[in-house]
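[1] Sequence first, predicted model second:
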Amino acid sequence: MINIITSHWSELLTGFGWTIFSSVLALLFSLVIGSIFAILEVLPNKIARTIGKIYVEVFRNIPLLVITMFFYIAIPMYIVKINGFVAGTIGLTIYTSAFIAETVRSGIQSIDKGQMEGARSTGMTYWQSMRYIILPQAFKIVIPPLGNQFVNLVKNSSVLAFVAGFDLMYQGNAIASTTFDTINSYLVVGLLYLIITLPLSYYMQYLEKRLV
């Protein structure tokens with residue numbers, strides 16, 4: 001295993017960097033998109049609720065690899081040229097956002113309805129009430145499941161390996177195929193994923209204790 005690290009540290013470092021970059025982008029965009037669709041799911045408007053529900057149910061029940069391959073193959077063929085990294089990150093974002101939407105929705109619905117009514121009675125609009133009263137409380141409640149989604153997102157970023165996304169798994173596959181040392185190659189990749197996910201997991205636990 002040491003030999004794999006010393007001989008291929010530049011490839012591993014490259015994969016490590018691309019994995020973090022993809023994960024951060026997907027995390028930020030999936031949180032925003034997921035929150036938007038979570039709000040749609042709880043709006044009084046039936047059409048908006050239906051749109052939110054359809055988005056969540058469709059992308060939550062399609063395998064991540066299928067979504068990623070669609071963006072990798074179909075989008076460049078018919079719309080615009082994108083590389084594997086972009087396709088993989090978009091797929092990861094859309095897939096994760098569906099789960100985040102359900103998580104945030106459950107948080108919103110756990111807030112007593114009287115708080116929305118009270119905020120509206122003070123002159124706030126629906127969106128002001130949601131932004132300043134409901135969402136801050138909802139996010140505090142759903143910190144643990146959101147943390148799990150963020151950790152899963154990092155692990156799911158390995159899907160980039162299937163579309164030449166240059167991530168850790170892609171580099172691990174390349175190293176294993178050239179050295180024929182499959183076990184040690186993937187052990188090193190697994191350790192590098194742990195370096196990313198463990199601090200994230202502990203930070204979310206810290207945040208939960210601090211805010212909840």
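    Ah, there it is.
[2] which strands and helices sit next to the top helix by length along the chain?
    Using DSSP state H, we find that the single longest helix of the chain is helix 9-42. Helix 9-42 is packed against helix 46-60, helix 84-109, helix 143-156, helix 168-179, helix 182-211, with contacts defined by 3 or more C-beta pairs under 8 Å, 6 or more residues apart in numbering; DSSP states H and E. For glycine as for every other residue, the C-beta is placed from the backbone atoms N, C-alpha and C.
[3] Ramachandran coordinates for Thr122?
    According to degrees, to the nearest 10, the main-chain angles of Thr122 amount to phi -90, psi 0.
[4] quick one: least confident helix or strand in the protein?
    One helix or strand of the chain scores below all others by mean pLDDT, DSSP states H and E: helix 2-7, with a mean of 78.
[5] Now do it: everything it contacts.
    The contact list for helix 2-7, computed with C-beta atoms under 8 Å, 6 or more residues apart in numbering, reads 12, 175, 179, 181, 184-185, 188.
[6] mind listing what the residue lying closest to Thr182 once chain neighbours are set aside touches?
    In this structure, Thr182 finds its nearest non-sequential neighbour in Ala176, 4.6 Å apart by C-beta to C-beta, 6 or more residues apart in numbering. Ala176 makes contact with 182, 185-186, according to C-beta under 8 Å, 6+ apart.
[7] Could you export those as CSV, including distance to Ala74 and neighbour count?
    Shown next, in CSV, are the contacts of Ala176 (distance: C-beta to C-beta, whole Å; neighbours: other C-beta atoms under 10 Å):
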residue, distance to Ala74, neighbour count
Thr182, 32, 13
Ser185, 32, 23
Tyr186, 30, 16
